[in-house]
Structures are given as structure tokens and as C-alpha cells.
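Trainee: Just need the structure, nothing else, for what follows:
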Amino acid sequence: MAAALSPEDLPARLARGLAPLYTVTGDEPLRALEAADAIRTAAKKAGFSDRKLYSTHQHFDWAAPRADLAGMSLFGDRPLIDLRIPNGKPGRDGALVLEKLAEAAHPDALLLITFPGDWSTLKTAWCRKLMETGVFVESRSIEPKHLPEWIALRLKRQGQSADDATLRLIAGKVEGNLLAAHQELQKLELLYPAGPLSWEQVQDAVLDVARYDLFKLSEAWLAGDCVRLRRMVEGLKGEGEPPPLVLWAMADDIRTLAKLKRGERVFNKGPRLPAYEKRARSIEPRSIGDALKHAAAIDRLIKGLRPREISGDVWEEFYRLGARLAA
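Mentor: Alright, predicted model coming up:
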């Protein structure tokens, strides 16, 4: 099975010539969109001018793209079949057709298949078939520690640069939202000429556009990053996230650590599971028990009681609970 390409590696692969089949998937929409656009642009330059666009839905006719591939005219335009699966779930009939399409790939046609997907999608038979027979591009979220590097590459592309502190400033403003980062970098390109950007220029221009994802709280404490943890808690508070939902997510994380510490299997953490396993190996059982007691006290606080063992500020207690898990 061929290894998946990152979106950043795709241009070099396209420069070596086009393949009959491309699949673009992942959970990061900007990187996936740009990868698919690069493939469409390369296909157009190579003479694939007859573009046929399909977007699947509940009653989609899966025979249509297969018929297009099978019915290519000997003297007609070279077709680009652009097949999009918005929910990432083709269903039984669609899965069978996707496998057939992969087997029927033809050098005078280009098939581009795009869909959102996570680690479980990659295990399906139809997805493995696409990986085996074509170029497979996987677009994943950028880890927080790599986000400044990603921003630096984007600035370089538009003829600008920034020092490490300024790159971290931009990364902190967008908090992993690459679409927002893309828009802010475009703004910097319009506002300032090519060359180095100062911290002050970026501070004045870049908005605080972070959208604080509840489930990224675990990323912060798993990484032992209490500064980011504090920022995430304050962001969730500012966006009006319901405290019971925050507590549910944190309590679920603690129960996951408890299960792993007991040697039980866990299935619901996806690609983040290795980070939980690493933390479970280092944390003491007593610390897990203390964290559960802390979560129970927060639950009483949310319900209007005033446990003596914690403060009266539920958001401060969310931070303290996360810091306890990170310690």
C-alpha cells in the first residue's frame, strides 16, 4: 500500500506527471481544499478539459460517474471526473462503486475523489482500495507546536517573513483555525510590502479570530501546556460554552486515563489515543482518583452547591483540574 502524501508534498508529485486517480481526504478543510485545487489546476494544464462534477447525497446515482469513466469517447476531450462525498460516507452501494472506479482508472481520464475522513475511514475496504491504486493525499490538522512553522512557510510564499515571537503571536490569535490564519495572512500581504513584518505590525493587523474547540482542552493538558490551557478555558468561557458540557469532556478524559491505567482497551479517542496512553503510563493512580473527586466537586458547584474544597469560580476550577492532569 502506497504511503499517503501530505498536501505540502503534492506539488512535487504533480510535477512528475499526473496519475489517473487522486484521493484527497482528512479533517483539515483548508489543506484539503488547496490540495484538490492543485490537482484540478494541473489536470486543466494537461488537457483534461471536460470536467464532470458530482456531489453525493442520500439518493445519488452512483452509476453516473462509473458510466462517464466507461463511456469515454475515443476522439473526445479527456475527462476530469470530480467526485465529492461531503459526509465521507458513501454507503454500501457507493463503497462498491468506488472500488470499481479505482480498478477502472484510465490514463486518458482523471478521477479526483474528495471527502472528509478520520482514522476510522482509513480502515474501510473502499478507502484502502483507493490508497492502493492511486495517489492518496491526507490532510490533517496542524499540531500547535508546528503551527508557527506552517505560518512561516505561508508568509514566505507571499514574500514576507517574521521572527519567532511574531509567528507565535499569529498562531496564538488563530488557535489552530487554518482558514482564519489564511485570511489573516492574506490581510498582511495587502497591508504591508514584501519583507520582514514587525511584532507591532502583526499585533495591529491580526484579529483574535480563534474559535475555541472544547475537545482541544485535552490537547493542552496532554502536552503539559498550561499557558495554552489557560487561554483555552478563558476562550470557552468567553464564547459561552455550557459548563456541564466542559465538565463532561474533562471527566471523560479522566475516565479514559483510568481505563488505560487498568489495562483496558479504549476506542473513542482516535489518533489522540497514543497521547492518552503516554500520560496514563506516567500518572499515579492516586492522581486519577483525586482528579475524579475534583470533577465531582465541580459538578456540585455547577448545580448551585458550594463545596468547601474548591473555589466558587467554575472556570478557575476547570483550569485547575486541567493543570492537575498536566502536572
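
Trainee: How about the contacts made by the residue nearest to Ala275 when sequence neighbours are not counted?
Mentor: Counting by CB to CB, 6 or more residues apart in numbering, Leu222 is the residue found nearest to Ala275 once chain neighbours are left out, at 4.5 Å. Where C-beta positions appear, they are placed from N, C-alpha and C, glycine not excepted. Neighbour list for Leu222: Arg272, Ala275, Tyr276, Arg279, Ala326 [criterion: CB atoms under 8 Å, 6 or more residues apart in numbering].

Trainee: Over to Glu234?
Mentor: Glu234 makes contact with Trp315 under the criterion CB under 8 Å, 6+ apart.

Trainee: Over to Leu247?
Mentor: Contact partners of Leu247, counting by CB under 8 Å, 6+ apart, are Ala295, Ile298, Asp299, Ile302, Phe318.

Trainee: On the three-state scheme, the second one is what?
Mentor: To tie it back to what came earlier, the one meant is Ile298. helix (DSSP: H, G, I helix; E, B strand; the rest coil).

Trainee: quick revisit: of the contacts of Leu247, which pair is most distant in space?
Mentor: For those, the maximum inter-member distance is 11.7 Å, found between Asp299 and Phe318 (CB to CB).

Trainee: more crowded one of these two?
Mentor: More crowded of Asp299 and Phe318, by other CB atoms under 10 Å: Phe318, with 25 against 17.

Trainee: Can you show me the strands along the stretch 101-250 of the chain?
Mentor: Along the stretch 101-250 of the chain, counting by DSSP state E, counting those that start in this stretch, strands occupy 110-116, 135-139, 160-162, 195-197.

Trainee: Let me have these in CSV, adding distance to Gln203, mean pLDDT and mean neighbour count as columns.
Mentor: What follows is the strands of the stretch 101-250 of the chain, written out as CSV (distance: least, CB to CB, whole Å; pLDDT from 0 to 100; neighbours: other CB atoms under 10 Å):
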stretch, distance to Gln203, mean pLDDT, mean neighbour count
strand 110-116, 34, 93, 23
strand 135-139, 30, 94, 23
strand 160-162, 11, 95, 18
strand 195-197, 10, 94, 14
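
Trainee: Now those in CSV, please, with extra columns for distance to Glu284.
Mentor: Below are those laid out as CSV (distance: least, CB to CB, whole Å):
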stretch, distance to Glu284
strand 110-116, 39
strand 135-139, 37
strand 160-162, 42
strand 195-197, 46
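
Trainee: Which one, of those strands, ends up nearest to Asn87?
Mentor: The nearest among the strands of the stretch 101-250 of the chain, by CB to CB, is strand 110-116 at 7.6 Å.

Trainee: so what secondary structure elements neighbour the closest one?
Mentor: Identification of packing neighbours for strand 110-116 by 3 or more CB pairs under 8 Å, 6 or more residues apart in numbering; DSSP states H and E yields strand 21-26, helix 29-45, strand 79-84, helix 91-103.

Trainee: out of the ones you listed, deepest packed?
Mentor: strand 21-26 (a mean of 25; mean count of other CB atoms under 10 Å).

Trainee: angle of that one against strand 110-116?
Mentor: Orientation of strand 21-26 against strand 110-116 (axes from the mean of the first three to the mean of the last three CA atoms, to 10 degrees) gives an angle of 10 degrees.

Trainee: ok, strand 21-26: who's next to it in the sheet?
Mentor: Applying DSSP bridges, strand 21-26 is found paired with strand 110-116 (parallel), strand 135-139 (parallel).

Trainee: what does it contact?
Mentor: 32, 35-36, 39, 88, 101-102, 105, 110-117, 121-122, 127, 130-131, 133-140.

Trainee: Alright, that wraps it up for me.
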